[in-house]
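# Sequence first, then the predicted structure:
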Amino acid sequence: MSIDFNELLEKSPLSIVVCDAKQRIVWCNEQFLTDTGLLEEQVTGHLYASLPLDAIDKDAQIVQLFSENTHGDVRFQYWHTPLSQNNGMRAHYFTRERQSADKMSLATARFSGKRLPKRANWVEFLDYEVSRSRRYDNPLSVLKLHLIFYSKPDSVTDETLAQTVNDTLTDQLRWADMIGHTDQGSYLLVLPETPEPALDALQEKISTTLKKQMGFISESIDFQIVFGYACWQKHDDSQKLLQRAREQLVRNLELLLDDKKPG
């Protein structure tokens with residue numbers, strides 16, 4: 001009996017995205033397009049970082065869709081795994097969190113032991129700071145940074161690298177700032193009272209400190225930091241800020257990848 005594995009993937013109830021070694025999307029199934037409301041031409045061929053999805057828990061196991069095509073909060077449980085037979089390729093899996101059909105009460109949910117979707121602290125924090133900027137015209141910035149590791153000693157684990165980045169960012173930020181999420185090498189920072197000129201100094205400070213900290217671990221670590229940011233403008237909401245920061249990050253990533261092309 002022969003099995004059409006392509007058909008199995010297309011008809012899977014899971015949303016699936018496959019990326020190459022440079023995190024460029026080479027394939028997605030129809031379920032992913034249905035769940036996100038995106039078109040295939042908005043997904044295939046683009047970098048994973050361009051997707052309007054941001055992790056909203058510290059373990060990056062829940063992501064939220066930030067798209068004009070959706071109404072209300074759309075969240076997915078998320079996990080990823082390397083494809084062993086394809087060098088550097090990785091599969092990303094998403095399953096949409098849906099409200100119970102019987103709209104069970106909070107008390108019933110707790111009694112039954114079911115996990116309730118919880119709005120992320122950084123999402124609430126960003127919404128609050130946007131409302132303050134609208135009311136008082138306060139400066140507000142969102143900074144996304146993405147780390148690409150080209151090489152490292154086998155003895156240096158991914159967990160060590162991630163912890164080093166987290167510790168460095170925590171040390172460099174003020175008490176009023178917030179690290180929004182970590183996912184696939186990307187970090188999001190919500191920066192109240194931070195105008196655009198201050199971002200240049202912050203990016204330089206983060207870059208310098210991270211290079212120093214990575215050097216302490218091993219001088220053989222070869223990596224690159226890419227930034228993208230957005231500053232609050234009149235009539236902005238959280239989604240517009242995130243979108244502009246994401247778009248700038250992706251443009252800078254594309255420029256870096258172009259520079260790394262052979263020849």
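Done, it's in. Residues are numbered from 1 along each chain as shown.

# Just the helices from the protein, written as ranges.
Along the chain, the stretches classed as helices by DSSP state H are 5-10, 30-36, 106-112, 121-136, 158-172, 196-217, 238-260.

# Let me have those helices in a markdown table, adding distance to V43, mean pLDDT and mean neighbour count as columns.
To be clear about C-beta, it is placed using only N, CA and C from the backbone, and glycine gets the same treatment. Written out in a markdown table, the entries for the helices of the chain read as follows (distance: least, CB to CB, whole Å; pLDDT from 0 to 100; neighbours: other CB atoms under 10 Å):
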| stretch | distance to V43 | mean pLDDT | mean neighbour count |
| --- | --- | --- | --- |
| helix 5-10 | 14 | 70 | 11 |
| helix 30-36 | 7 | 94 | 18 |
| helix 106-112 | 33 | 40 | 10 |
| helix 121-136 | 23 | 92 | 16 |
| helix 158-172 | 26 | 90 | 14 |
| helix 196-217 | 29 | 95 | 14 |
| helix 238-260 | 13 | 91 | 17 |
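
# Turn these into CSV, including distance to E68.
Putting those into CSV (distance: least, CB to CB, whole Å) gives the following:
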stretch, distance to E68
helix 5-10, 27
helix 30-36, 12
helix 106-112, 30
helix 121-136, 16
helix 158-172, 29
helix 196-217, 25
helix 238-260, 7
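
# can you give me the strands in the stretch 51-200 of the chain?
Remark: strands assigned in the stretch 51-200 of the chain by DSSP state E, counting those that start in this stretch are 53-55, 62-65, 74-82, 90-96, 140-151, 178-183, 186-192.
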